[in-house]
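>>> everything below, folded, please.
(2 chains)
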Amino acid sequence: MKQTRIVMGMPVILEVIDSSVTGKTFDAVFDYFGYVDRKFSTYKPDSEISLINRHELTLEQSSDDMRAIFILAEQTRLETDGYFDIERKGLYDPSGIVKGWAIYNAAEILRQAGIENYYVYAGGDIQVSGKNDRGQDWRVGIENPFNPAEIVKVLSIQNCGIATSGTYVRGQHIYNPKNPDQPIAEIVSLTVIGPNIYEADRFATAAFAMESDGINFIEKLEGFEGYMIDQHGIATYTSGFERYVSHA
Amino acid sequence: MSRKQRTQAPDFVQKIKKFFLSAFVIFTFFAYFLHERYTNSANASASNTAAITSAVPTVVATSSANASASNTAAITTAVPTVIATSQGVAFKNGTYTGPVVDAYYGLVQVQVAIQNGKIANVQFLDYPHDRRTSQQINNQVMPWLVQEAIQAQSANVDIISGATLTSEAFATSLQSALQSAKN
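Sure thing, here's the model as predicted:
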């Protein structure tokens, strides 16, 4: 069973192999993405994050989920030597961490329903679990940053998260907090495979801001692999990446 | 005659040997410093593979720093030139301070103390120890990166990872085609 809906201005896709899944579970997952969007969208003037940015709500007064995101964002900032920062010019934009967190929690809804074989996709980031409809590991393509109608790599993965950060679709939406006015030009896309989508997404965002050094950062993180594509179409990948590559 | 020649020859050879060995050690030392400096400037621009891979040994130096500064194995990885000294030619006694090297997660500087021509102590004057990430990263093994030119693939996939798609961009993507084919 598989459904695609547009939530948070981006496609959310859910495919479940287990025959025990119900329409209710599908609704619960999509509803959860709607909830996250209403709370964290900086484009919605009545979202909780917008209230905080307008100083109409303090962090102390905000919801548990909001405070959790601020704590996770601060932890990520420290772990990435400041390359991840949700604050820019006094405004907070936690989208670099919220998407992965939301996919992770959506997958948790499925796990709690006893579902084992599925993926949850939102705007290019994916949590996969178990096997696909042919009983194999999930086959995940890496999009060609120069042509979205092509893939440049096929991966074979299970029970992990895969996130891609890039400048190429929405234009310059990731910046280097240490050099905010200088556009990231050297690299166009960085795909990170991690133990889950929350971890893969936050480190993909931070490492992308590090530009060419980002792939070194991923290499040094235990349990993470990365595939970086530069402006000339040259890919640099980490030492353990090859074991996920499907040649079939 | 022949006996005299035999005793003279090794003397001469030894002197030459000593000269070349010390010259070699001095040269290696300078070559190492120059290499480190070059590595730094390459790292700053960091737009090619050379920069990415050459950043690696510097980080290794940090990791051994964190593990144990007085450990012999750590010394050999951190300062390759030091190995030459232990094989015969001695350094002058004193304390030598290396250049400050940017190991990406912070600055690293090594000080070597020589006593009786041998390394008595290696001290890391500065290394990233204050930040959690640095410590985490220092404990990792040597990085090893690979490069290739990207190539379009024709194999079938279940799903595609890409940079954040808007709903409009989605409509023209392979992901979208894939969805309609499988739905």
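
>>> lowest-confidence helix or strand of chain A?
Across the helices and strands of chain A, mean confidence by mean pLDDT, DSSP states H and E is lowest for strand A:87-88: a mean of 89.

>>> what helix or strand is A:Thr42 on?
Here A:Thr42 sits in a region with no helix or strand, counting by DSSP states H and E.

>>> so what's the residue lying closest to it once chain neighbours are set aside up against?
In space, and not counting its chain neighbours, A:Thr42 is closest to A:Asp93: 5.3 Å by CB to CB, 6 or more residues apart in numbering or on different chains. Using the backbone N, CA and C atoms, a C-beta is placed for each residue, glycine as well. Residues near A:Asp93 by CB atoms under 8 Å, 6 or more residues apart in numbering or on different chains: A:42, A:49, A:86.

>>> neighbour-wise, which one of those leads?
For those, counting by other CB atoms under 10 Å in any protein chain shown, the largest number of neighbours falls to A:Ile49: 25 neighbours.

>>> got a list of what that residue touches?
A:39-42, A:66, A:92-94.

>>> of those, buried ones?
Buried residues within those, counting neighbours by 16 or more other CB atoms under 10 Å in any protein chain shown: A:39-41, A:66, A:92-94.

>>> in JSON lines: the residues you listed, plus pLDDT and secondary structure.
What follows is the buried ones among the contacts of A:Ile49, written out as JSON lines (pLDDT from 0 to 100; DSSP: H, G, I helix; E, B strand; the rest coil):
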{"residue": "A:Lys39", "pLDDT": "96", "secondary structure": "helix"}
{"residue": "A:Phe40", "pLDDT": "95", "secondary structure": "helix"}
{"residue": "A:Ser41", "pLDDT": "93", "secondary structure": "coil"}
{"residue": "A:Met66", "pLDDT": "96", "secondary structure": "helix"}
{"residue": "A:Tyr92", "pLDDT": "95", "secondary structure": "strand"}
{"residue": "A:Asp93", "pLDDT": "93", "secondary structure": "coil"}
{"residue": "A:Pro94", "pLDDT": "94", "secondary structure": "coil"}
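
>>> where are the low-confidence patches of chain B?
Per-residue confidence for chain B (pLDDT under 70) gives these ranges: B:1-10, B:36-92, B:98-113, B:116-143, B:164-169, B:182-183.

>>> one more time with 90
Within chain B, the segments meeting pLDDT under 90 span B:1-145, B:154-155, B:163-183.

>>> helices of chain A, start to end?
Along chain A, counting by DSSP state H, helices occupy A:23-40, A:48-53, A:64-79, A:95-112, A:197-209, A:214-220.

>>> next, format those as TSV and append distance to A:His232.
Formatted as TSV, the helices of chain A follow (distance: least, CB to CB, whole Å):
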stretch	distance to A:His232
helix A:23-40	35
helix A:48-53	37
helix A:64-79	30
helix A:95-112	26
helix A:197-209	17
helix A:214-220	15
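
>>> which one is A:Ser47 nearest to, not counting chain neighbours?
A:Ser41 (4.9 Å).

>>> so who does the one you found touch?
Here A:Ser41 is in contact with A:8, A:47, A:49-50 (CB under 8 Å, 6+ apart).

>>> and the least confident of the residues you listed?
Lowest pLDDT of the contacts of A:Ser41: A:Met8, 72.

>>> and for it, the neighbour number?
There are 23 residues near A:Met8, going by other CB under 10 Å.

>>> look up how far chain B lies from it.
A:Met8 is 10 Å from chain B, where distance means CB to the nearest CB, to the nearest Å.

>>> please tell me I have it right and that residue contacts A:Asp37.
Yes: the pair A:Met8 / A:Asp37 is scored as a contact, 4.2 Å apart, by CB atoms under 8 Å.

>>> my read is that A:Gly123 contacts A:Met10, right?
Yes: contact criterion CB under 8 Å: A:Gly123 and A:Met10 qualify, at 3.6 Å.

>>> and for the nearest residue to A:Ile197 once chain neighbours are set aside, the neighbour number?
Distance criterion CB to CB, 6+ apart; nearest residue to A:Ile197, sequence neighbours excluded, is A:Gly161 at 3.1 Å. A:Gly161: 27 surrounding residues under other CB under 10 Å.
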